[in-house]
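Enquirer: Predicted model and sequence below, questions to follow.
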Amino acid sequence: MTTLLDGRRQSGGRVFWILVLGLFLGGLLTLLSEVFLPDSAGRDFLTTSVAASLGPVHLDLVAVALTLGPLSLTLNVLTVVGVLVVGLVARSLI
């Protein structure tokens with residue numbers, strides 16, 4: 001269980017979904033800003049990202065073989081804004 005700023009306890013699943021939806025919203029905002037904003041320093045600031053990846057993970061059991069990956073996460077200013085917006089909306093719905 002995690003505790004938010006107001007002291008209420010939230011489940012891990014709720015926090016997970018807030019992060020997932022926030023990352024999707026941030027990705028959408030990034031794509032829209034790349035399409036509609038003119039070339040400028042502001043656009044470069046909003047769309048410059050940092051990426052982290054985890055190479056393919058291979059699990060080989062006798063009966064089943066499973067390969068996951070590569071998994072990657074790309075963060076920029078708009079993805080953080082997306083997570084904050086979804087978090088604030090979810091908080092206001094409580």
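Expert: Ah, there it is. Numbering: from 1, shown residues only.
Enquirer: Just the buried residues of the lengthiest helix in the chain, please?
Expert: If you go by DSSP state H, the chain has its longest helix at helix 12-36. Under the neighbour-count criterion of 16 or more other C-beta atoms under 10 Å, helix 12-36 has 18, 21-23, 25-27, 29-30, 33 buried. (Each C-beta comes from the backbone N, C-alpha and C, glycine too.)
Enquirer: Contact partners for the closest residue to G55 other than its chain neighbours?
Expert: Leaving aside its sequence neighbours, G55 sits nearest to P70 (C-beta to C-beta, 6 or more residues apart in numbering; 5.3 Å). By C-beta atoms under 8 Å, 6 or more residues apart in numbering, P70 lies in contact with 53-56.
Enquirer: ranges for the helices of this protein?
Expert: 12-36, 41-47, 77-92.
Enquirer: Low-confidence stretches in the chain?
Expert: Low-confidence segments of the chain, defined by pLDDT under 70: 1-10.
Enquirer: any idea how far G22 lies from L84?
Expert: 7 Å (C-beta to C-beta, to the nearest Å).
Enquirer: With L37 instead?
Expert: Counting by C-beta to C-beta - L37 and L84 are separated by 20 Å.
Enquirer: ok, now G27?
Expert: Taken as C-beta to C-beta, the span from G27 to L84 is 14 Å.
Enquirer: And V35, by the same measure?
Expert: Counting by C-beta to C-beta, the gap from V35 to L84 is 22 Å.
Enquirer: how near is S11 to R91?
Expert: Distance from S11 to R91, counting by C-beta to C-beta: 14 Å.
Enquirer: Between the two, which is the more surrounded one?
Expert: Taking neighbours as other C-beta atoms under 10 Å, S11 and R91 compare with R91 leading, 14 against 10.
Enquirer: how about this protein, which residue sits the furthest from its center?
Expert: The centre of the chain is farthest from one residue, V62, which by C-alpha atoms, centre = their mean lies 35.0 Å away.
Enquirer: Point to the residue nearest the middle of this protein.
Expert: Nearest to the mean C-alpha position of the chain, by C-alpha atoms, centre = their mean, lies L23 at 2.7 Å.
Enquirer: Pull the contacting residues for it.
Expert: Counted by C-beta under 8 Å, 6+ apart, L23 has contacts 73, 79, 82-83.
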